[in-house]
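**Q** I'll drop the sequence and a predicted model, then ask my questions.
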Amino acid sequence: MARKISYKQAINEALDLEMRRDPTVIVLGEDIVGGAGAPGELDAWGGVLGVTKGLHAKHGNRLMDTPLSESAYIGAAIGAAACGMRPVAELMFLDFMGVCFDQILNQAAKFKYMFGGKAKTPVVIRAMVGAGFRAAAQHSQMLTPMFTHVPGLKVVCPSNAYDAKGLLIQSIRDDDPVIFCEHKALYGSEADVPEESYAIPFGEANVVREGKDVTIVSYGLTVHRALDAAEKLAKSGVQAEVIDLRTLSPIDWDTVIESVENTGRLVVVDEANPRCSIASDVASYVAQNAFGALKAAPQMVTAPHTPVPFSPVLEDLYIPSADAIAAAVNKTTARALAA
Amino acid sequence: MTNNPFPLSKDELLAAYRTMRTIRDFEERLHVEFAKGDIPGFVHLYAGEEACAAGIMMHLTDIDRIASTHRGHGHCIAKGVDVHEMMAEIYGKATGACRGKGGSMHIADLSKGMMGANGILGAGAPLICGAGLAAKFRGDGGVGITFFGDGASNQGTVLESMNLAAIWNLPVIFVVENNGYAESTSVEYATAVDSYVDRAAGFGLPGVTVDGTDFFAVHEAAGEVIRRAREGGGPALLECKTIRFFGHFEGDAQTYKAKGENDYNREHRDCLRIFANRVTSAGAVSEAEIALVDREVASLIDAAVESAKGAPLPSPRELLTDVYVAY
């Protein structure tokens, strides 16, 4: 039975269901229980934003608070995965990759290949991504391209509560290391989510709005900006198709190419910085593989090549807006409109 | 045999010697073969440090995990990784332990509890905390051992992991193989404490320092900390003061060492000679029995090199396989 729950609750529910199903699933991270060893309540926080709240009461010591030692506990999660567990480690903010990246880049991602196929590392690293929280340069980045670049990692970034639940369940069951990116600005967003367990396969993009004139590709928070833009464009007679990639590695090229072959126009929206981004990746792939179908140059709408600023007026400018997306779409249709 | 003052049976003494001799011959032979130019990449030889790997690994079985270093051949051999597969891997062959995709610095055999040599210094410490955590959840009595040198002892990963292992009371042993050199930089220069036991104390861990050229000292100290960890007593640090007979990597001119240092160490501080002298002079093992092991190991290494040289190269399709379980 579906009911409306938030993105945050959907993640909590996915963890709960998988911990019930599989005794090898453990969850560790900073403050994920909250209050360990402190004089007050246990499960005081349930994660810095309350995502894991209540799970300790259900699963006890299979949830573990960690010291502020990201290399040690992310590495421990990876080591435990290589020894038969299915750990879900919370990195809190993906920006903190800077203090543990070796364990992800040089260990988890490479075990299978460099050990000749004989290793399996079913670890999930959950972390918040994205701007909009006035959290400034070190707690707001969209670092998805950095992980997508690395062979051996899978990268997931759901845009809604339904996908968050199904993709997290798939991430936990998956036998490869998964970077599960949770957009902090979406935690409160609600969707119809079934109570039962379900897994959404990786590499299957979602066409969230159909249209014949232009393809807008995005993921995470900016899917909603793209939908807002599509709504505005519809009023001026432009029918935009909006694709939510859902997973960035693997990525569903077929759905993107098929759509561009129908529309002839591409706008890619990415909250990451522009260079070597998901946006540039999708634009170049389409240019290489569907050049003949293109009626206009692909456009990218991304964050600028700057750190995330603090002041709200600047941060709001930083995140791709519906207006910027609509303007990019208009650029692709300008020739046709002029004709 | 009646004259055996050692805490090991004659068979165990011979097994320990065989492990150390196998490591030594494996490394000495690589030194020769590398100079011929047939071996791609880098090799970091463990010769001189054999008593550490052998003395520790004799306490372990396949349920126990180790996380090794860039200087990992000795750990692999002592943990039971197949010598033929290791040699083939170092030659980059399809029959290698990692099918030619890992090389000297990434030899692993998870079925033997060998979680990999590691090209990143100090990276094994967090991983072994995970192995310890898994053992604790399973309740299987397994322990994890992470090896690192005096160089990697200064990595944040190692220090973070000692704290994590301590607060979670993990069955994990931190083994410092202190050979005095972080590549070319001396331990006196790079490490602020004189004793790693003091550093362990800073994390609430018991620590012990032993002469890493003395197999029996290593074996006894390792036995104690491993037994304690297995019984739930928690992590510990074991420092083995040891010697690196060769350079940091093959091709290292070792000009940072004192003149005559290697010759002196080979003459007076060779853990194999020390071991053989002790067990034969006590009458626990005969010289003929030692010599027989020497001959058997020599032919094993000959055969491993010969088969590695003759083994097929990986097929081009191997470039693209084994990145993911499923993608």
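**A** Arrived safely.
**Q** show me what the longest strand seen in chain A is in contact with.
**A** Of all segments of type strand in chain A, defined using DSSP state E, the longest is strand A:86-93. Outside strand A:86-93, the residues within contact range by CB atoms under 8 Å, 6 or more residues apart in numbering or on different chains are A:15, A:18, A:22, A:24-32, A:47-48, A:51-52, A:70, A:73-74, A:76-78, A:80-81, A:97, A:100, A:122-129, A:135, A:138-139, A:172-173, B:130. Yep, even glycine has a C-beta here, placed from its N, CA and C like the rest.
**Q** in strands only, show me those.
**A** A:25-29, A:124-129.
**Q** nearest to chain B, of the residues you listed?
**A** Checking these against chain B with CB to the nearest CB, the nearest one is A:Ile26 at 6.8 Å.
**Q** pretty sure the closest one contacts A:Tyr73?
**A** No. Applying CB atoms under 8 Å as the test, A:Ile26 and A:Tyr73 come out as separate, 11.4 Å apart.
**Q** tell me which of the two has more neighbours.
**A** Counting neighbours by other CB atoms under 10 Å in any protein chain shown for A:Ile26 and for A:Tyr73 shows that A:Tyr73 has the greater number, 31 against 23.
**Q** nearest residue to the more buried one in space, please, no chain neighbours.
**A** Closest residue to A:Tyr73 apart from its sequence neighbours, by CB to CB, 6 or more residues apart in numbering or on different chains: A:Thr66 at 4.0 Å.
**Q** tally of neighbours for the one you found?
**A** Residues lying near A:Thr66 (other CB under 10 Å) number 23.
**Q** and A:Gly203, by the same measure?
**A** 17.
**Q** let me know the secondary structure of it.
**A** coil (DSSP: H, G, I helix; E, B strand; the rest coil).
**Q** okay, it: pLDDT?
**A** pLDDT for A:Gly203: 98.
**Q** quick one, what contacts the nearest residue to it once chain neighbours are set aside?
**A** Nearest residue to A:Gly203, sequence neighbours excluded (CB to CB, 6+ apart): A:Pro250, at 3.7 Å. By CB under 8 Å, 6+ apart, the contact list for A:Pro250 reads A:154, A:202-203, B:327.
**Q** quick check: end-to-end length of stretch B:142-152?
**A** End-to-end distance of stretch B:142-152 (CA to CA, to the nearest Å): 25 Å.
**Q** now the helices: where do they sit in the stretch 51-200 of chain A?
**A** Secondary structure of the stretch 51-200 of chain A (DSSP state H, counting those that start in this stretch): helices at A:55-59, A:70-82, A:101-102, A:111-114, A:144-148, A:161-173.
**Q** so which residues on the stretch 201-327 of chain B come close to chain A?
**A** Proximity of the stretch 201-327 of chain B to chain A, by CB under 8 Å from any CB of the partner chain, involves residues B:321-327.
**Q** now with 6 Å?
**A** Within the stretch 201-327 of chain B, the residues that sit near chain A (CB under 6 Å from any CB of the partner chain) are B:322-325, B:327.
**Q** burial of the residue lying closest to A:Lys58 once chain neighbours are set aside, as a residue count?
**A** Residue nearest to A:Lys58 in three dimensions, not counting chain neighbours: A:Asp16, with 6.3 Å by CB to CB, 6+ apart. When neighbours are defined as other CB under 10 Å, A:Asp16 has 16 of them.
**Q** max-length helix in chain B?
**A** The single longest helix within chain B, with elements called by DSSP state H, is helix B:10-36.
**Q** list the helices and strands it packs on?
**A** helix B:50-57, helix B:73-79, helix B:271-281, helix B:287-310 (3 or more CB pairs under 6 Å, 6 or more residues apart in numbering or on different chains; DSSP states H and E).
**Q** next, the buried residues of the third one.
**A** Residues of helix B:271-281 classed as buried: B:271-272, B:274-276, B:278-279 (neighbour count, 16 or more other CB atoms under 10 Å in any protein chain shown).
**Q** pLDDT and distance to A:Gln239 for those residues - can I get that in CSV?
**A** Listed next are the buried residues of helix B:271-281 as CSV, based on pLDDT from 0 to 100; distance: CB to CB, whole Å:
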residue, pLDDT, distance to A:Gln239
B:Cys271, 98, 77
B:Leu272, 98, 79
B:Ile274, 98, 83
B:Phe275, 98, 81
B:Ala276, 98, 84
B:Arg278, 97, 86
B:Val279, 97, 86
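**Q** so which of the helices of the stretch 51-200 of chain A is the most packed in?
**A** Most buried of the helices of the stretch 51-200 of chain A, by mean neighbour count (mean count of other CB atoms under 10 Å in any protein chain shown): helix A:70-82, with a mean of 30.
**Q** who are the packing partners of that one?
**A** By 3+ CB pairs under 6 Å, 6+ apart, helix A:70-82 packs against strand A:86-93, helix B:124-138, helix B:156-167.
**Q** same thing but 8 Å
**A** Contact here means 3 or more CB pairs under 8 Å, 6 or more residues apart in numbering or on different chains; DSSP states H and E; on that basis helix A:70-82 packs against strand A:25-29, strand A:86-93, helix B:124-138, helix B:156-167.
**Q** and the residue of the stretch 201-339 of chain A closest to chain B?
**A** For the stretch 201-339 of chain A, CB to the nearest CB, closest residue to chain B: A:Pro250, 5.4 Å.
**Q** middle-most residue in chain A, spatially?
**A** With distances taken as CA atoms, centre = their mean, chain A has A:Cys157 as the residue nearest its mean C-alpha position (1.5 Å).
**Q** how many neighbours does the residue nearest to that residue when sequence neighbours are not counted have?
**A** In space, and not counting its chain neighbours, A:Cys157 is closest to A:Cys181: 4.1 Å by CB to CB, 6+ apart. Per other CB under 10 Å, the neighbour tally for A:Cys181 reads 23.
**Q** repeat for the one 4 residues further on
**A** A count of nearby residues for A:Ala185, using other CB under 10 Å, gives 20.
**Q** any idea how far it lies from A:Phe310?
**A** 16 Å (CB to CB, to the nearest Å).
**Q** drop anything exposed from the residues of the stretch 201-327 of chain B next to chain A.
**A** B:322-324.
**Q** tally of neighbours for residue 19?
**A** The chain I'm using is chain A. 21.
**Q** sorry, should have said chain B
**A** Using other CB under 10 Å, B:Thr19 has 25 other residues around it.
**Q** now the one 3 residues further on
**A** The local packing of B:Thr22 (other CB under 10 Å) involves 24 other residues.
**Q** ditto for B:Ala253
**A** Counted with other CB under 10 Å, B:Ala253 comes out at 8.
**Q** the one 3 residues further on now?
**A** For B:Tyr256, the count of nearby residues is 14 (other CB under 10 Å).
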